[in-house]
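Novice: the following comprises the amino acid sequence and a computationally predicted model.
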Amino acid sequence: MKNRKIRRIGIGLGIVLYSIWATLFYQLTFTGWTLEYSYYGVAMVVGLSLLFMYAFPKRDRRVVVRFTLYAVILSLGIANFAPAAGMWRIIDTIVFIILAIGLGRWLVPVRMGWQLLTLVSLLLFEMWIPLSDVNLLTAFNVNYVGHLSSQDAQVPSIPVTVIPNSRGLQTMITIRGHRPVPHEAQTLIDAMATSGNPTLTKDAIIQLQHSYDLISIKPGKVFFHTSLATPQQLARTSVDSLAMIDFPFSQPHFLSVEGNVRMYVTLAKDPGYYTSMLLNPGTLSTAVGQMALQTAATTQEEWKAIGGNTQNSVQGLSLQNGYLSGSYQGHPIHVKTVGVTILGIKPLLPSHISTEPQAVVEGDNVIQVISLGARPHVIATLNGSYLHPLTTDLVFADVTGNGSDAMLINTVPAQIVQLTPSGTWKTLWVSGRSTFRFEAVLPRAGGDLIIANSPSLISQNPIRYLGGYVYQNGTLNTVFRSYHGNLVDLHVVHILNGSPQILTSVYAHQEIILLSQSKIPWYPVVLVVYGFVVLAGLVRRTRGVKA
């Protein structure tokens, strides 16, 4: 009796693990190969499938192959029954369970109890990590998935930023579609009488169904906690990375309602203005530039009015009237520059060449490097071209491991350039694909790990997928590939203890994901398990032939 119970527990555990493995193998291997290698990937998938079916003797094949298909079909079905808010639709779920049981009774020659166990285990697995995010397991642990739904299509990806918290880590600040409560409109109407900006309050009433709450997200002992952002948190939050939705054509507005900050978005100009812009192509770029300046100024004013952070300085330095001014490490700084944006303070030269830090600023298609020593001055200038203009969309990385940073610039095509001791620039690498895009950098001994979105190796599909690369001898060598498209606005953060994490938004899904580097190589693991399963089938097949 005891042995029978142990056997049942073993079978149940095996079914749970096998069904999860089948899901992982389908997502990481079959889907990955197809996306990366196009028709060649399909041929490889067909080959693995035929080998899998051949390995088992005929009496086992009916059970193993059908159960594997059943597990994959269930995982795909469950993924389609989870709406953006994360709440399971009760009626649809009941219907799905009935259909799943019917499919199991027809397809899989095992007991109904084992079928239900498979369904429950896959359901719990996808509540932990959605099937659409499983591909990230090739290199990451998925620590948090937040569905911050909104009714507005004008917010294709949820903006998110981070601020320091009291524990020495960081807290996420983002937006969430506001859920109107009873009598809220009347509360806003009453507030118009005392509001310093009644027009803003009136617009807020009109936009009540299309407004957003500013929220903070931070980890707890077990789960992440979401709450409305406090004034103290917003005082440390920059509006640039949070509210520039469809910039500069949309204008974000902020309103404090009973101590909580509300945001809503309107057109920056009336529709007739946009029509006039399009009908005058000769002045289009100038008009867009002027509108961008006006939109940014209005955003800063309203953000300041509700107590948000409007400090436009980097470590005590700011750009004012054509000069980089301020103080850095006790040295007064006042250097004439053409820059209008501070990109950062980075060690672009090795320490044995110069121990003085360098500020990197960008102007109109030009990047300047300014030494911040006792005698501050411009030490290098990088000019873009008409065909390949420079952009503020770049990251810094120590690609060679010598302690100095190179610039990874998202021009078209993307390129890596490094400052030489003589003040000139050396191009280390240029992408062969116009859609390659640098996203973030993770520290790594011997040369930083470059995180980028890049297209498939063979397929001409323009969709880009996340990958990790290291620079070596003029090339970027692939460390991993995660076939998850539409990841945008990547940040390297310290929200959890341990190694740095990556915080990203998912375009067109209104979802944010927090990733940490995985110590378990799941992709090789599922391939090794596949090998053991095939080997077990071949052993049983051989024994069956001998018998």
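Specialist: Yes, it's here. Residues are numbered from 1 along each chain as shown.
Novice: quick one, strands of the stretch 101-250 of the chain?
Specialist: 140-147, 160-164, 170-177, 211-219, 224-228, 250-257 (DSSP state E, counting those that start in this stretch).
Novice: out of these, the one nearest residue 368 is which?
Specialist: Among the strands of the stretch 101-250 of the chain, the nearest to residue 368 by CB to CB is strand 160-164 (26.6 Å). Where you see a C-beta, it was placed from the backbone N, CA and C, and this is true even at glycine.
Novice: for that closest one, packing partners?
Specialist: strand 170-177, strand 487-493, strand 501-506 (3 or more CB pairs under 8 Å, 6 or more residues apart in numbering; DSSP states H and E).
Novice: ok, it: who's next to it in the sheet?
Specialist: Applying DSSP bridges, strand 160-164 is found paired with strand 170-177 (antiparallel).
Novice: which positions within the partner strand qualify as buried?
Specialist: 170-177 (16 or more other CB atoms under 10 Å).
Novice: need the max-distance pair from those.
Specialist: 170 and 177 (23.6 Å).
Novice: for the buried residues of strand 170-177, which one is nearest residue 420?
Specialist: residue 170 (35.2 Å).
Novice: okay, and the beta partners of that closest one?
Specialist: As assigned using DSSP bridges, the partners bridged with residue 170 are residue 164.
Novice: look up phi and psi at the nearest residue to residue 248 once chain neighbours are set aside.
Specialist: Spatially, and ignoring its direct neighbours in sequence, residue 248 is nearest to residue 292 (3.8 Å; CB to CB, 6 or more residues apart in numbering). Phi and psi for residue 292, reported as degrees, to the nearest 10, are phi -60, psi -40.
Novice: what lines up beside the helix or strand where residue 266 lies in the sheet?
Specialist: Taking DSSP states H and E as the criterion, residue 266 maps to strand 260-267. Strand 260-267 pairs in its sheet with strand 211-219 (antiparallel), strand 250-257 (antiparallel), by DSSP bridges.
Novice: and residue 424, which of those is closest to it?
Specialist: strand 250-257 (41.7 Å).
Novice: which residues touch stretch 385-399?
Specialist: 341, 343-344, 346, 360, 362, 365-367, 382-384, 404-412, 416, 418, 428, 438-441, 447-448, 450, 470-471 (CB atoms under 8 Å, 6 or more residues apart in numbering).
Novice: which stretches in the stretch 101-250 of the chain count as helices?
Specialist: 112-128, 184-192, 198-206, 231-234 (DSSP state H, counting those that start in this stretch).
Novice: hey, least reliable of these by pLDDT?
Specialist: Note on the helices of the stretch 101-250 of the chain: helix 198-206 shows the lowest mean pLDDT, a mean of 59.
Novice: how about the nearest residue to residue 447 once chain neighbours are set aside, secondary structure?
Specialist: Nearest residue to residue 447 in three dimensions, chain neighbours excluded: residue 401, at 4.3 Å (CB to CB, 6+ apart). Assigned by DSSP: H, G, I helix; E, B strand; the rest coil, the conformation of residue 401 is coil.
Novice: got the contact list for residue 401?
Specialist: Residue 401 touches 445-447, counting by CB under 8 Å, 6+ apart.
Novice: try it again at 10 Å.
Specialist: 444-448, 470-471 (CB atoms under 10 Å, 6 or more residues apart in numbering).
Novice: which of the residues you listed sits closest to residue 28?
Specialist: Using CB to CB, residue 470 comes nearest to residue 28 of those, at 21.5 Å.
Novice: can you tell me the element the closest one falls in?
Specialist: Counting by DSSP H and E, residue 470 is part of strand 464-472.
Novice: in whatever helix or strand comes next after that strand, what counts as buried?
Specialist: Using DSSP H and E, the helix or strand that directly follows strand 464-472 along the chain is strand 475-485. For strand 475-485, burial by neighbour count (16+ other CB under 10 Å) applies to 476, 480-485.
Novice: so which of these is the closest to residue 120?
Specialist: residue 484 (26.0 Å).
Novice: now that closest one: closest residue in space that isn't a chain neighbour?
Specialist: residue 135 (4.6 Å).
Novice: now that neighbour: how far from residue 458?
Specialist: 18 Å (CB to CB, to the nearest Å).
Novice: ok, residue 117 touching residue 20?
Specialist: No: assessed by CB atoms under 10 Å, residue 117 is found out of contact with residue 20, at 11.8 Å.
Novice: thinking again about what came up before, would you list the buried residues of strand 170-177 in JSON lines and tack on pLDDT and distance to residue 308?
Specialist: Below are these laid out as JSON lines (pLDDT from 0 to 100; distance: CB to CB, whole Å):
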{"residue": "170", "pLDDT": "91", "distance to residue 308": "18"}
{"residue": "171", "pLDDT": "92", "distance to residue 308": "15"}
{"residue": "172", "pLDDT": "92", "distance to residue 308": "16"}
{"residue": "173", "pLDDT": "91", "distance to residue 308": "10"}
{"residue": "174", "pLDDT": "89", "distance to residue 308": "14"}
{"residue": "175", "pLDDT": "87", "distance to residue 308": "13"}
{"residue": "176", "pLDDT": "84", "distance to residue 308": "17"}
{"residue": "177", "pLDDT": "79", "distance to residue 308": "20"}
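Novice: any chance of those residues in a markdown table with distance to residue 389 as columns?
Specialist: Rendered in a markdown table, the data for the buried residues of strand 170-177 read as follows (distance: CB to CB, whole Å):
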| residue | distance to residue 389 |
| --- | --- |
| 170 | 33 |
| 171 | 36 |
| 172 | 33 |
| 173 | 32 |
| 174 | 31 |
| 175 | 31 |
| 176 | 36 |
| 177 | 36 |
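Novice: still on that earlier bit, which one of the strands paired with strand 260-267 is the most hemmed in?
Specialist: strand 211-219 (a mean of 21; mean count of other CB atoms under 10 Å).
Novice: and the angle from it to strand 224-228?
Specialist: Inter-element angle recorded for strand 211-219 and strand 224-228: 150 degrees (by axes from the mean of the first three to the mean of the last three CA atoms, to 10 degrees).
Novice: could you shift the numbering so residue one becomes 28, and keep it that way?
Specialist: All set: I'll call the first residue 28, so the last point we hit is now strand 238-246.
Novice: all helices of the stretch 328-477 of the chain, in order?
Specialist: Taking DSSP H, counting those that start in this stretch as the criterion, the stretch 328-477 of the chain carries no helices.
Novice: the contacts of residue 428: which two are farthest apart?
Specialist: The farthest-apart pair in the contacts of residue 428, when distances are taken by CB to CB, is 472 and 498, at 13.7 Å.
Novice: show me which of the buried residues of strand 502-512 is closest to residue 123.
Specialist: For those, the nearest to residue 123 is residue 511 (24.7 Å; CB to CB).
Novice: and that closest one, what pLDDT?
Specialist: On the pLDDT scale, residue 511 is placed at 87.
Novice: ok, the residue nearest to residue 64 when sequence neighbours are not counted - contacts?
Specialist: Among residues not flanking residue 64 along the chain, residue 485 sits closest, at 5.2 Å (CB to CB, 6+ apart). By CB under 10 Å, 6+ apart, the contact set of residue 485 is 62-68.
Novice: also residue 286?
Specialist: Residue 286 neighbours (CB under 10 Å, 6+ apart): 255, 257-258.
Novice: helix or strand with the lowest mean pLDDT in this protein?
Specialist: Ranked by mean pLDDT, DSSP states H and E, the weakest helix or strand in the chain is helix 225-233, scoring a mean of 59.
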